[in-house]
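Asks: When you get a sec, could you give me coordinates for this:
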Amino acid sequence: MAKLVDVLDKLTASGELYKKLDDGSLRCHACAHRCLIKPGRRGVCQVRFNREGELRVPWGYVAALQVDPVEKKPFSHLLPGADALTFGMLGCDFHCGYCQNWLTSQTLRDPAAALPPEYIQRISPEQITATAKRVGARLVISSYNEPLITSEWAVAIFRHALALDLRCAYVSNGNATPEVLEYLRPYLTAYKVDLKTMRDKGYRQLGGVLQHVLDAIRRAHELGLWVEVVTLIVPGFNDDPKELWDAARFIRSVSPDIPWHVTAFHPDYKMRDGAYTRASSLQQAADIGQEAGLNYVYAGNLPGRVGSLENTHCPRCFSLLIQRQGFTVQKYRITAQGACPQCGEKIAGIWTDQPESVRLDGGGIPRRFS
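Replies: Next up is the predicted model:
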């Protein structure tokens, strides 16, 4: 039986996000590691490699393809109630010990995540976007592994998606370069970033650098992408109130209109003995975000246990605009002009101009294709 790495190395194409050096080495620009990849070697992600002076990048397959409500990503200000066809490949440039998608993200790095080659589904960009239209999805999103390291493949899909009037988004760790964000900007509507900690020491443990992620959040916002930020509250790792204040203040410094999602950790991967995040911890984090001046703060992963923190309220008159439970929209009151019906305040986000078409109470059931 063929090894997974051999199968994946055949499912590649020539990359675009790199610079060729005189000695045959390549400097990859897909993520902020900026790997110097010598001939015959691989980048940190393990899926981008130098073959005789040419950067080979993942192409022509998915390891996951699923229809999800956009609220699952989570996006709360991006076409609420809509379905998103979400695709993912293999590999990651981080190695988070609590990763919930570790079987796809850590496959080529960790022998415990050794997926069989049969897990790979060969597919074309046209087939992915045709599936999105067939199932009634309004968005196509790259997620499950780190999308930055497979950006050439994502752009090939997004080109077809835009032609079919579909919106495109990334769910990313935010370890981006200015080059990759510029590359993605013509295609992306939205960019969700996991801001994992406000301590550089913590980021080093996960395989990253804090400043790179902060810079990417600011840059994505400056480029006009709709940005939402998620912080998974991990007990004992990033739940100190001072650190949460730092996160909230940073997001506020970029824009008070960036939604901040604080979500609950559950034990997984290499942290199966960790403690579950309590609802009170999410409430504390949300209180900090609101006190820091953020207009939209949400708590996730504990539906029905976080009070009004699943809902969207007008930042001016506090009128209820969107009521949610879990991934389901129960009430939707934002006008066709994207405003509060009570006071007329413009609500930041990407909204439908047909509010009567928003699906209520019927969503929240993922459908998997691979």
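
Asks: Domain ranges for the chain, per the record?
Replies: Here the domain assignment for the chain is 4-58, 61-308, 311-360, based on automatic domain parsing.

Asks: Please enumerate the strands of the stretch 151-300 of the chain.
Replies: Assigned by DSSP state E, counting those that start in this stretch, the stretch 151-300 of the chain shows strands spanning 167-172, 190-194, 226-233, 260-264, 297-300.

Asks: neighbouring strands for the shortest one, and are they parallel or not?
Replies: If you go by DSSP bridges, strand 297-300 pairs up with strand 260-264 (parallel).

Asks: hmm, back to that, adding mean neighbour count and mean pLDDT, write the domains of the chain out as TSV.
Replies: The way it works is simple: take the backbone N, C-alpha and C, and place the C-beta from them, glycine included. Formatted as TSV, the entries for the domains of the chain read as follows, by neighbours: other Cβ atoms under 10 Å; pLDDT from 0 to 100:
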stretch	mean neighbour count	mean pLDDT
domain 4-58	18	96
domain 61-308	20	96
domain 311-360	16	97
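
Asks: of all the strands of the stretch 151-300 of the chain, which lies closest to Leu360?
Replies: Proximity of the strands of the stretch 151-300 of the chain to Leu360 was assessed by Cβ to Cβ; the nearest stretch is strand 297-300, lying at 18.5 Å.

Asks: what's next to that closest one, contact-wise?
Replies: Contacts to strand 297-300, defined as Cβ atoms under 8 Å, 6 or more residues apart in numbering, come from residues 74, 76, 230, 259-264, 279, 282-283, 285-286, 289-290, 306, 309-310.

Asks: can you pull out the helices in this protein?
Replies: Secondary structure of the chain (DSSP state H): helices located at 4-10, 102-105, 125-134, 151-163, 178-184, 200-206, 210-222, 241-254, 279-291.

Asks: if I read this right, Asn101 contacts Glu146, doesn't it?
Replies: No: using Cβ atoms under 8 Å, Asn101 and Glu146 do not qualify as a contacting pair, with a distance of 9.4 Å.

Asks: picking that back up, turn the helices of the chain into JSON lines, columns for distance to Lys19.
Replies: Output for these, formatted as JSON lines (distance: least, Cβ to Cβ, whole Å):
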{"stretch": "helix 4-10", "distance to Lys19": "22"}
{"stretch": "helix 102-105", "distance to Lys19": "26"}
{"stretch": "helix 125-134", "distance to Lys19": "26"}
{"stretch": "helix 151-163", "distance to Lys19": "15"}
{"stretch": "helix 178-184", "distance to Lys19": "9"}
{"stretch": "helix 200-206", "distance to Lys19": "25"}
{"stretch": "helix 210-222", "distance to Lys19": "18"}
{"stretch": "helix 241-254", "distance to Lys19": "29"}
{"stretch": "helix 279-291", "distance to Lys19": "39"}
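
Asks: So for Leu360, which of those sits nearest?
Replies: helix 125-134 (21.8 Å).

Asks: Centre of the chain to that closest one, how far?
Replies: Centroid separation between helix 125-134 and its chain, computed with Cα atoms, centre = their mean, to the nearest Å, is 20 Å.

Asks: Please shift the residue numbers so they start at 42 in all later answers.
Replies: Noted, 42 is the first residue going forward, which turns the last one into helix 166-175.

Asks: Contacts only, for Glu397.
Replies: By Cβ under 8 Å, 6+ apart, Glu397 lies in contact with nothing.

Asks: and the nearest residue to Ser296 once chain neighbours are set aside, how far is that from Asp241?
Replies: Of all residues beyond its chain neighbours, the one nearest Ser296 is His262 (6.0 Å), with distances taken as Cβ to Cβ, 6 or more residues apart in numbering. In this structure, His262 and Asp241 are separated by 21 Å, where distance is defined by Cβ to Cβ, to the nearest Å.

Asks: Identify the spatial nearest neighbour of the residue positioned nearest the centre of the chain, chain neighbours not counted.
Replies: Centroid check for the chain by Cα atoms, centre = their mean gives Val212 as the closest residue, at 1.2 Å. Taking Cβ to Cβ, 6+ apart, and ignoring the residues beside it in sequence, Val212 has Ser184 as its nearest neighbour in space, at 3.8 Å.

Asks: same question, Pro308
Replies: Once its chain neighbours are removed from consideration, Pro308 has its nearest residue in Gly315; the separation is 4.7 Å (Cβ to Cβ, 6+ apart).

Asks: Let me see the contact set for the one you found.
Replies: Tyr139, Val275, Pro276, Gly277, Phe306, Pro308 are the contacts of Gly315 under Cβ under 8 Å, 6+ apart.

Asks: Turn the residues you listed into TSV, including distance to Val196.
Replies: Below are these laid out as TSV (distance: Cβ to Cβ, whole Å):
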residue	distance to Val196
Tyr139	30
Val275	32
Pro276	38
Gly277	39
Phe306	32
Pro308	36
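
Asks: Nearest to Ser360 among those?
Replies: Set against Ser360, the nearest of the contacts of Gly315 by Cβ to Cβ is Phe306 (32.1 Å).
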